[in-house]
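Asker: Show me the folded form of this:
(3 chains)
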Amino acid sequence: MFLACPIRNSALSITFARRITCTGMSKRSSSSMPITSNESPPGVQSSNGVSKSETRVFVRRTVKKKAEGQYSGLDLELKDDVKRCCPPDIEDFAFKRTKDSPGSRKSKPPLDTLLPRIEDSNPTRQKGVAEGGKTPVDWEKVLEGIREMRSSEVAPVDTMGCGRAGSTLPPKERRFAVLASSLLSSQTKDHVTHGAALRLQESGLLTADAMDKADESTIKSLIYPVGFYSTKAKNLKKIAKICLMKYGGDIPRSLEELLLLPGIGPKIAHLIMIMAWNDVRGICVDTHVHRICNRLGWVSGKGSKQKTSSPEETRVALELWLPKEEWVPINPLLVGFGQTICTPLRPKCGNCSVSHLCPSAFKETSSPSPKLKRSSSTK
DNA sequence: ATCCCGGCGA
DNA sequence: TCGCCGGGAT
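Answerer: Okay, the predicted model is just below:
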């Protein structure tokens, strides 16, 4: 079969990782969405007033890290379910790798033999990445090093997220809940996503039918704290309608169909495939994975390009050589790493234990170009 | 004050 | 390819 049987190994429950870190409360005071009570979001009240109240006690106030595990009942029930069908959190993947022999893979280099063969026998996949699909040396040492750093630093990565939503519901509802949570997750911290999903659930909106009937402003108010809530509220309604009309209230089963849904791009689509269908169709590449893989020199673009220019390109290049067992855990691992050490702006190479294996180490650390740019002070 | 984020339309 | 969306992090 085609269903990616090889990797479909039950054991994959993902959770995606989002940045989370503690944050203070929002600083912006001139919001257009006044929030007066911490229980009732704005939207509902038609958001008439403007910035009259700065209370905004709302959810935005960051919660603590997942480590403190202050999840609500949903979680508990979920855990049960999770144990059954999906193992631990993705976070677990990140640190302790899956149950399937931790060290074994590390010590044995199956790639050397597998890789070449794959490329040869799989011409379709290497389009555009012909010579770029080489397996980087020491990649296992790098991953292991990152795992160690992660396990000791308590990274903020979110360990929950969409997978949690509606875990106690019947399959169809659970999948819709996963899709909704996944959509909410982008640009949003895990606890916020979780809170929004929980609110949707409490309002009984985590089903295609209910979501379709729900008032858009109601949805907006419930998910207000998530990034781009307005757009997402609209997309959720559209998606709900599509699910009802084309999929009997369920969500699309294929990656291609998921991509046709508004607001669902490559990253979220792969996430949904993994979480809702337990089907690993590809690596979930977000900007953290994209950035870090490029810094490590793990992916190269078409032609002679040394780096890939988009997450999608990175995904394709990475899938060429990274063993499938790593496809799911690579995301939470690198996201957490990207949040704490290999940050976008000033990567903390000094705190990185694998900097000696990184071609980009200390090259963009402090302020290589900023100074130059600043001098002109044009703008 | 910028940069960043994921998807998307211009 | 750029910029927007609505905020957070730096």
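Asker: What residues does the stretch 251-379 of chain A have near DNA strand C?
Answerer: A:309, A:343, A:345, A:346 (Cβ under 7 Å from any atom of the strand). To be clear about C-beta, it is placed using only N, CA and C from the backbone, and glycine gets the same treatment.
Asker: Among those, name the ones that also lie close to DNA strand B.
Answerer: Counting by Cβ under 7 Å from any atom of the strand, the members of those near DNA strand B are residue A:345.
Asker: which of the residues of the stretch 251-379 of chain A next to DNA strand C lies closest to DNA strand B?
Answerer: When these are compared for distance to DNA strand B (Cβ to the nearest atom of the strand), residue A:345 wins out at 6.2 Å.
Asker: Chain neighbours aside, what residue packs nearest to the residue of chain A found nearest DNA strand B?
Answerer: Scanning chain A for proximity to DNA strand B using Cβ to the nearest atom of the strand identifies residue A:265 as nearest, at 2.2 Å. Spatial nearest neighbour of residue A:265, chain neighbours left out: residue A:259 (7.2 Å); criterion: Cβ to Cβ, 6 or more residues apart in numbering.
Asker: The one you found contacts residue A:268, doesn't it?
Answerer: No - contact criterion Cβ atoms under 8 Å: residue A:259 and residue A:268 do not qualify, at 9.2 Å.
Asker: And these two? Which one has more around it.
Answerer: Counting neighbours by other Cβ atoms under 10 Å for residue A:259 and for residue A:268 shows that residue A:268 has the greater number, 23 against 14.
Asker: Run a quick check on residue A:283 versus residue A:320, I expect a contact.
Answerer: No - applying Cβ under 8 Å as the test, residue A:283 and residue A:320 come out as separate, 10.6 Å apart.
Asker: Which one's more surrounded, these two?
Answerer: Neighbour count, other Cβ under 10 Å: between residue A:283 and residue A:320, residue A:283 has more, with 25 against 21.
Asker: Now do the phi/psi pair for the more buried one.
Answerer: Here is the backbone geometry of residue A:283 (degrees, to the nearest 10): phi -80, psi 140.
Asker: list the contacts for it?
Answerer: Residues near residue A:283 by Cβ atoms under 8 Å, 6 or more residues apart in numbering: A:270, A:289, A:315, A:318, A:319, A:322, A:327, A:330, A:331.
Asker: mind giving me the domain ranges of chain A?
Answerer: Per the record, chain A has its domains at A:131-155+A:283-362, A:162-277, by the TED database.
Asker: Tabulate those domains in TSV, adding columns for mean pLDDT.
Answerer: Below are the domains of chain A laid out as TSV (pLDDT from 0 to 100):
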stretch	mean pLDDT
domain A:131-155+A:283-362	89
domain A:162-277	90
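Asker: any idea which of those domains is most buried?
Answerer: domain A:162-277 (a mean of 21; mean count of other Cβ atoms under 10 Å).
Asker: Please list the residues of the stretch 101-250 of chain A that sit near DNA strand B.
Answerer: Counting by Cβ under 7 Å from any atom of the strand, the stretch 101-250 of chain A sits next to DNA strand B at A:186, A:187, A:227, A:228, A:231.
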